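Q: coords below, sequence missing:
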């Protein structure tokens, strides 16, 4: 039995079983499984030709160490991003994600912290890299992907397509389930950190599709069934998007990429679903859901193929779920809860005619809630708020950071856990109640308020398009709850009306003392709130005004 649950190895095995099935569709490119295999083998050959690969096997390393060379993917969505991941794995190197919105200082930190040896980048970023490359002496290979910018080749770089055409599509060497998958996380509340996973563990925790299989033979058998066509809409640099892509690939499916991936274009997304007969689309919470719903009000599309909408990385609020089901009554909605440090932890499925809620989930296997002091597992019905955790298939640690590794992946007794920082409790019926991320918890007068909980409460008001909540200084309570709100176009509402609507869902001490109205809320391309921006904005505005007021 073949139990090598390495992502490159799995993809090769499925390709042998369904070589002529469409694997990846992007614009005018319709790549079969055999064609993606050929291209990723060639990319692996390019990496190996530059001396990149695995130099120290996992058994000789500590959890925060890597024995493989690291390949940065500084790319927008497209076939090259997913090829970059697979090609790196087939060379026994480790690909990692680069946030393409980073300014030069942040980018330099990331490429230095990661010890990047190769960078695969879109031509649009050549100018930025030209300023930094002298300070990145460890990078041996620069691979430039042509794009609409028509930017000249960075001196010393190789053209991606020319390099692949010149390389041999040799089968990969023996691949190992211990080889690394790396996901850089952070940046909204702290500096980015590289999470190190064994590939077998990330497969079991997040990339297995319908459910993990214990052998490659079982994976291939499932892959031969009727495939699903999936469109992961967020940037692939975000875990939720490439997790979705690999989950469907590992089930033998077809991954479709929208034609305009550089920004959220709701018409392009719905047009792609209609044209490619997409069965499943992945989004990130309300930041994607609201524009998509608004677009459905502008024109009609044939969305009869769409069976499921999945949301990961941020919560899709109950109000938007109801609106989706009103417009697409055959749709099912899956909320997936997880993190870079834990994989998929819980889920919630909403069906037409069923109950819609926000923050209630069914546990996935291996997940639990630990007590405040991390000394015990909380039973169902416990009144205590604890830490959402996972055991079993969890990361090794953070790259080059033993201290953060010990804090986030503690050993308790004979067991090791992933504790990413989400607060939660377990209801009497075993349902997980997610409270919020501890890093954005507001302590006001000794009471803890979870920012996400207040954001969800504010969004129940129909005038609210988007909202982010932060803690700002208060002379008496230490911190106060402050909301930054964007209203829907043409809508108006008073602060008291917003508080009244939110007060139907959260206690009075959680209601915002200040409400600041803005024209735009800054979020990452993946849809996650930028709490550093929100806090700086709120403190700046409040320094000159004691209270926000509704626009006239």
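A: Sure thing, it's come through. Note that the structure is predicted; figures quoted are calculated from it, not measured.
Q: who touches the helix or strand of the chain with the lowest mean pLDDT?
A: When the helices and strands of the chain are scored by mean pLDDT, DSSP states H and E, strand 447-450 comes last with a mean of 79. For strand 447-450, the external contacting residues (CB atoms under 8 Å, 6 or more residues apart in numbering) are 423, 435-437, 440-443, 471, 481, 509-510. C-betas here are computed from N, CA, C, even on glycine.
Q: Pull out the buried members of those residues.
A: Taking 16 or more other CB atoms under 10 Å as the criterion, what is buried in the contacts of strand 447-450 is 423, 435-437, 440-442, 471, 481, 510.
Q: Out of the contacts of strand 447-450, which is nearest to residue 517?
A: Nearest to residue 517, judged by CB to CB, of the contacts of strand 447-450 is residue 481 at 15.8 Å.
Q: Please verify my assumption that the closest one contacts residue 474.
A: No: judged on CB atoms under 8 Å, residue 481 makes no contact with residue 474 at a distance of 9.2 Å.
Q: Now the common contact residues for the two.
A: Common neighbours of residue 481 and residue 474 (CB under 8 Å, 6+ apart) are 444, 513.
Q: Who are the packing partners of the longest helix seen in the chain?
A: Assignment by DSSP state H gives helix 33-49 as the longest helix of the chain. If you count contacts as 3 or more CB pairs under 8 Å, 6 or more residues apart in numbering; DSSP states H and E, helix 33-49 packs onto helix 7-17, strand 22-26, helix 79-90, strand 141-145, helix 160-166.
Q: That helix versus strand 141-145: what angle between them?
A: When axes from the mean of the first three to the mean of the last three CA atoms, to 10 degrees is applied, the directions of helix 33-49 and strand 141-145 differ by 150 degrees.
Q: How far away from the center of its chain is helix 33-49?
A: 25 Å (CA atoms, centre = their mean, to the nearest Å).
Q: I'd like the mean pLDDT over that helix, please.
A: Helix 33-49 shows a mean pLDDT of 98.
Q: Contacts for that helix, please.
A: Against helix 33-49 from outside (CB under 8 Å, 6+ apart): 8, 11-12, 14-15, 18-24, 31, 53, 69, 71, 79, 83-84, 86-88, 90-91, 93, 118, 141, 143, 158, 163-165, 167-172.
Q: domains in the chain, as residue ranges please.
A: Per automatic domain parsing, the structural domains of the chain span 7-224, 264-358, 360-436, 445-544.
Q: could I get those as JSON lines with distance to residue 230?
A: Compiled in JSON lines, the domains of the chain are given as follows (distance: least, CB to CB, whole Å):
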{"stretch": "domain 7-224", "distance to residue 230": "10"}
{"stretch": "domain 264-358", "distance to residue 230": "5"}
{"stretch": "domain 360-436", "distance to residue 230": "20"}
{"stretch": "domain 445-544", "distance to residue 230": "17"}
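Q: for those, which one sits closest to residue 249?
A: The closest of those to residue 249 is domain 7-224. By CB to CB, the value is 6.4 Å.
Q: Could I get the buried residue list for the least confident helix or strand of the chain?
A: The neighbour-count check on strand 447-450 (16+ other CB under 10 Å) flags 449-450 as buried.
Q: got it, and stretch 406-416?
A: 408-410.
Q: what about that stretch, how long is it end to end?
A: One end of stretch 406-416 to the other measures 10 Å (CA to CA, to the nearest Å).
Q: before we move on, the earlier item: of the contacts of helix 33-49, buried ones?
A: 8, 11-12, 14-15, 18, 21-24, 31, 53, 69, 71, 79, 83-84, 86-88, 90-91, 93, 118, 141, 143, 158, 163-164, 167, 172.
Q: residue with max distance from the center of this protein?
A: The centre of the chain is farthest from one residue, residue 476, which by CA atoms, centre = their mean lies 38.0 Å away.
Q: in what helix or strand does that residue lie?
A: Residue 476 belongs to no helix or strand when elements are defined using DSSP states H and E.
Q: quick one, phi psi at it?
A: phi -100, psi -40 (degrees, to the nearest 10).
Q: Done for today, thanks.
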